[in-house]
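Peer 1: Provided below are the primary sequence and the corresponding predicted coordinates.
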Amino acid sequence: MSFKHDKLLKKILAVCGGMLAGSLLFLFWFFIRNPFHHTPIESFFSFFLLAGFLEEAVKFLILKQTVKQWQYGILVGLGFGTIESIFKAPELLHAVGPAKDNIAFWAIIAACVIARMAPMLMHSTYTGLLSFYTIKKNRPVFGLILAVLLHTLYDVALTIGTFK
């Protein structure tokens, strides 16, 4: 196998690793059904412990076990974010409601695609930072804390104004 094919294979495996981790984590998430989420404080702990820490820790384990170059961490995050977007798309479609005609249907699909791009970019960015500090700078604890905090802030920012 040539060097060029070897790099392509590593990139594909990085994306697939993120997708597999995302799939397993979302199956777990589906079965436990978030036990918190009633008040802003409970939601913060839910985002910090269940979303931020758990998701970033899973990606951290993938990075430590398989990925040897920090740039591939971005691809792990992209795969993870893609799976999250696929699993959460029906929830978004349900919230929007049924389309009245064909044009409205495609407008809803376009809005969902755009709305699901942010998590893909977020996971790529945070896992890129995590892999940079873990692999390149050899500061894995700092990288994990940074990724968890940014992930938590992102999740909290999305829900501000949704509490009664």
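Peer 2: Noted; the coordinates are in hand. What you are looking at is a predicted structure, and each value in this text was computed from that prediction instead of being measured.
Peer 1: show me where this protein has helices.
Peer 2: In the chain, the helices defined using DSSP state H lie at 3-32, 40-45, 54-65, 72-96, 102-131, 140-159.
Peer 1: which strands and helices sit next to the last one?
Peer 2: Read that as helix 140-159. helix 40-45, helix 54-65, helix 102-131 (3 or more C-beta pairs under 8 Å, 6 or more residues apart in numbering; DSSP states H and E). Backbone N, C-alpha and C define where each C-beta goes, glycine included.
Peer 1: quick check: buried residues in the second one?
Peer 2: Judged by neighbour count (16 or more other C-beta atoms under 10 Å), helix 54-65 contains these buried residues: 54-56, 58-60, 62-63.
Peer 1: turn those residues into a markdown table, columns for distance to A110 and pLDDT.
Peer 2: Converted to a markdown table, the buried residues of helix 54-65 look like this (distance: C-beta to C-beta, whole Å; pLDDT from 0 to 100):
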| residue | distance to A110 | pLDDT |
| --- | --- | --- |
| L54 | 31 | 84 |
| E55 | 27 | 86 |
| E56 | 30 | 88 |
| V58 | 31 | 86 |
| K59 | 29 | 87 |
| F60 | 34 | 87 |
| I62 | 32 | 84 |
| L63 | 34 | 82 |
